[in-house]
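1. no sequence on this one, just coordinates:
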């Protein structure tokens, strides 16, 4: 069933080459795993950043095409201010959270994904927003 499958498991259809992603995740293990996956798919990944200040520094160096942001950051920090700053710079924000219910509903996000996020859902979400970006 390999040749009839529309999704190529070799990764050719998963190509994210040239897509710049800001990854904001306070869990080192989760952040490292996500970064590795995204890089294997060809994305350029800044991060993971564990705080809003680290994320601000990374996106001030290069504006990403998309930001993947955990809602609860290190030290109890909520990502609401960071999300607003990214939105103000024109960066689509996808919130990824392990919480079933967030303490506040973040504004300026394109979608919220529940952890654990499957590779296919993550890829489909990234592609749906990066496909809209202007060609560089």
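-> Received it, and whenever you're ready, just let me know what you need. Nothing here was measured: the structure is a model prediction, and the numbers come from that model.

2. find the nearest non-adjacent residue to residue 61, please.
-> Distance criterion Cβ to Cβ, 6 or more residues apart in numbering; nearest residue to residue 61, sequence neighbours excluded, is residue 46 at 7.4 Å. Where C-beta positions appear, they are placed from N, C-alpha and C, glycine not excepted.

3. correct me if wrong: residue 77 contacts residue 51.
-> Yes - contact criterion Cβ atoms under 8 Å: residue 77 and residue 51 qualify, at 6.0 Å.

4. one step back: for the residue nearest to residue 61, pull up the helix or strand it's in.
-> Under the criterion of DSSP states H and E, residue 46 resides in strand 44-49.

5. list the buried residues in the helix or strand that that strand is followed by.
-> Once strand 44-49 ends, the next helix or strand along the chain (criterion: DSSP H and E) is helix 52-61. For helix 52-61, burial by neighbour count (16 or more other Cβ atoms under 10 Å) applies to 52, 54, 55, 56, 58, 59.

6. ok, of those, which one's closest to residue 28?
-> residue 54 (12.6 Å; Cβ to Cβ).

7. okay, that closest one: pLDDT?
-> Looking at residue 54, its pLDDT reads 97.

8. any idea how far it is from residue 15?
-> Residue 54 sits 28 Å away from residue 15, going by Cβ to Cβ, to the nearest Å.

9. I'd like to know how many residues surround the residue nearest to residue 61.
-> Neighbourhood size, residue 46 [other Cβ atoms under 10 Å]: 20.

10. this completes my enquiry, with thanks.
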